[in-house]
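Q: Here's a sequence, model it:
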Amino acid sequence: RQCQGKRWPERQANSFSSIDIMRGSVFLGLVMTHASCFNIARHPPQQAISPLRKLRLASSPVANVREPALMDEGIFKFNKLIIDSVYDVICFFYSKNDLSKHSIEDVSSRFFVLETVARVPYFAYLSVMHLKESLGSRVPGDSERMRTHYAEADNELHHLLIMESLGGNTSIIDRSIAQTMAFAYYWYVTLVYGVNEQAAYHLSELIEDHAYNTYNKFLEVNEAKLKEMPVPQIARKYYEQDDPYMFDTFCTVKETNEVGEFSARRPKLDSLYDVFQNVRDDEREHWKTLCNLVQYEDMKGIGAAVESTKAAPPALVEA
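A: Numbers count the residues shown, from 1 in each chain. Next comes the predicted model:
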């Protein structure tokens, strides 16, 4: 069947319009971007011997165990300086952590800021991966990794929605601080991820480690109060009512139960304490995935345990 409607006006074969020139410029730019984009190939991480610091995986097959890669000491220290500094600034301005002295709205403002910033790296990863894919990159396993990063971003979004439902975003000052930090951090992570994936994943590993410990301390201090508070509807919808596909997708490192069987997390919410406990455990899942990506370039990992990334001694880096 032929398409009906107006036909484009015919042009002479040797004539070039400004549109043709613009298209040619765009094409040339894409070719140059494509060439520069893949000058930096994905290499296996450097191999070396080497509360949320280490998680033993009892069921890991010994035959497949690999030693975790260590990070360049300079990058490791620089990443830690950035994340620790930002975290310390947030904790300085948002120091309210005791529900016996402050309202849930005041306390959740800190979590609102943290969650706004913590979800940004997953957008950055996806942006770079989509660009490389559009320019022809077909690295095995990237499609699965993109799905996982999207599921992680969706999970962090629901953490943010929970904090908003608790009143954490009521202040325009808090919203402005969170959004400004998120905007700047997005572009920074995008740049780092385009050059060094391991370094970018390590940034998020440090953030998720802080997030887990922050929520864990909050639960310890406020257990009694939190168990008296109701479950927000958005939390019940996400954890109990929605299709668990997205939830299961970001849980890449399965753990065994008491009898040695792998079990999927199926949260049950009776109070606000359970909500924060599940948010904390979600951060742990992200941390496990990120540790494995930094150390093995594999979301599920190939080691006998999940543990925080370590810096390589200078002698090993030089060698």
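
Q: How far off centre is stretch 158-166?
A: From the chain centre to the centre of stretch 158-166 is a distance of 17 Å (C-alpha atoms, centre = their mean, to the nearest Å).

Q: mean confidence score for stretch 128-145?
A: Averaging pLDDT along stretch 128-145 yields 88.

Q: Quickly find the element holding residue 137.
A: According to DSSP states H and E, residue 137 maps onto no helix or strand at all.

Q: Can you list phi and psi of it for me?
A: With angles defined as degrees, to the nearest 10, residue 137 sits at phi -70, psi 130.

Q: Can you tell me how far it is from residue 290?
A: Noted for residue 137: a distance of 21 Å to residue 290, by C-beta to C-beta, to the nearest Å. C-betas here are computed from N, CA, C, even on glycine.

Q: So between these two, which is more surrounded?
A: residue 290 (27 against 15; other C-beta atoms under 10 Å).

Q: and that one, what does it touch?
A: Residues counted as contacts of residue 290 (C-beta atoms under 8 Å, 6 or more residues apart in numbering) are 201, 202, 204, 205, 208.

Q: Do I have it right that residue 91 meets residue 110?
A: Yes - contact criterion C-beta atoms under 8 Å: residue 91 and residue 110 qualify, at 7.4 Å.

Q: Counting neighbours, go ahead and name the busier of these two.
A: Neighbour count, other C-beta under 10 Å: between residue 91 and residue 110, residue 110 has more, with 21 against 14.

Q: can I assume that one is in contact with residue 89?
A: No - using C-beta under 8 Å, residue 110 makes no contact with residue 89, being 11.5 Å away.

Q: For this protein, which helix extends over the most residues?
A: Taking DSSP state H as the criterion, the chain has its longest helix at helix 197-226.

Q: Check which element follows it along the chain.
A: Following helix 197-226 in sequence, per DSSP H and E, is helix 233-236.

Q: Need the residues that contact that following helix.
A: 158, 161, 162, 165, 269, 275, 278.

Q: Equivalent analysis for stretch 266-274, please.
A: 104, 219, 223, 226-232, 235-236, 239-240, 244, 275, 278.

Q: Just the buried ones from the residues you listed, in ChimeraX syntax?
A: A single ChimeraX command is used to select the members of these judged buried by 16 or more other C-beta atoms under 10 Å:
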select :104,226,229,231,232,235,239,275,278
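
Q: check contacts around residue 210.
A: 83, 87.

Q: Who are the contact partners of the most centrally placed residue in the chain?
A: Geometric centre of the chain, nearest residue: residue 122, 4.3 Å, by C-alpha atoms, centre = their mean. Residue 122 makes contact with 149, 150, 152, 153, 156, 204, according to C-beta under 8 Å, 6+ apart.

Q: Which pLDDT value goes with the spatially closest residue to the last one that is not a sequence neighbour?
A: Pointing back at residue 204 there. Of all residues not flanking residue 204 in the chain, residue 121 sits nearest, at 4.5 Å (C-beta to C-beta, 6 or more residues apart in numbering). Listed pLDDT for residue 121 reads 94.

Q: Now tabulate the contacts of residue 122 in TSV and tack on pLDDT and secondary structure.
A: Shown next, in TSV, are the contacts of residue 122 (pLDDT from 0 to 100; DSSP: H, G, I helix; E, B strand; the rest coil):
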residue	pLDDT	secondary structure
149	93	helix
150	94	helix
152	94	helix
153	94	helix
156	95	helix
204	95	helix
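
Q: Mind checking which of the contacts of helix 233-236 land in helices?
A: Of the contacts of helix 233-236, the ones assigned to helices by DSSP H are 158, 161, 162, 165, 275, 278.

Q: Spell out which two among these are the most distant pair, please.
A: 165 and 278 (14.6 Å; C-beta to C-beta).

Q: show me where pLDDT drops low in the stretch 201-319 of the chain?
A: Along the stretch 201-319 of the chain, the model assigns pLDDT under 70 to residues 255-265, 301-304, 315-319.

Q: Endpoints of stretch 298-305, how far apart?
A: Terminal residues of stretch 298-305 lie 13 Å apart, using C-alpha to C-alpha, to the nearest Å.

Q: any idea how far residue 180 is from residue 223?
A: Taken as C-beta to C-beta, the span from residue 180 to residue 223 is 34 Å.

Q: sorry, that was for residue 116
A: 26 Å.

Q: and if you look at residue 287?
A: Separation of residue 287 from residue 223 (C-beta to C-beta): 22 Å.

Q: What of residue 273?
A: 6 Å.

Q: Now do the shared contacts for these two.
A: Counting by C-beta under 8 Å, 6+ apart, no residue touches both residue 273 and residue 223.

Q: if I read this right, residue 231 contacts residue 278, doesn't it?
A: No - if you go by C-beta under 8 Å, residue 231 and residue 278 don't touch, sitting 10.4 Å apart.

Q: so where is the stretch 1-150 of the chain shaky, pLDDT-wise?
A: 1-65.
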